[in-house]
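Participant: Pasting a predicted model and its sequence here:
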Amino acid sequence: MAEASFTTHSSEETIARGRDIGARSKPPLLILLSGDLGAGKTTLTKGIVSSLGAAREEDVTSPTFTLVHKYSGANLVYHVDLYRIGGFRDFETLGIEDLFSENAIVIVEWAEKLPLRSPWPALLIHLEHAGDDARRITVEEVPAAR
């Protein structure tokens, strides 16, 4: 498993790092984002989604209330936010397991609430505040389960 860590100093730099991650991403892939509120999960996602040609950065918003956004440009990307999920019963209503039958990239915010194992390779990305607008971002690659 490869791991990388870097620090960004503005939301523009965080988006640019997201573009770098997206440029190296190929479906099927599960991207699991973790970090406190305001750590930059949606900001990083803007760069990933736009780099994949699925949507423009300005069209990518947090799916906190809708729970799942689907972007289908050059690549199919699902953006899931589990912040408001209270338990497994709430999770079951989302139908996320059905997404694994598609050739897509699934980005999950609040990944620690995801009760499923994926047959896909994954990127584990943790974001944390590092003072002012700075964010420390750690990316770990996890191969597909066999």
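Facilitator: That came through fine.

Participant: T61 contacts Y71, doesn't it?
Facilitator: No: taking contacts as CB atoms under 8 Å, T61 lies outside contact range of Y71: 10.7 Å. Bear in mind the C-beta positions are built from the backbone N, C-alpha and C, glycine included.

Participant: more neighbours, those two?
Facilitator: Under the criterion of other CB atoms under 10 Å, the comparison of T61 against Y71 puts Y71 first, with 23 against 14.

Participant: Look up the residues forming beta bridges with the more buried one.
Facilitator: Assessed by DSSP bridges, Y71 has beta-bridge partners V77.

Participant: same deal with I107?
Facilitator: Going by DSSP bridges, I107 forms beta bridges with I31, H79.

Participant: Give me the pLDDT value at it.
Facilitator: Looking at I107, its pLDDT stands at 96.

Participant: Going along the chain from the lowest-mean-pLDDT helix or strand in the chain, find the next helix or strand for me.
Facilitator: Sorting the helices and strands of the chain by mean pLDDT, DSSP states H and E puts helix 88-92 at the bottom, at a mean of 64. Counting by DSSP states H and E, the next helix or strand C-terminal to helix 88-92 is helix 96-99.

Participant: Great, nothing more from me.
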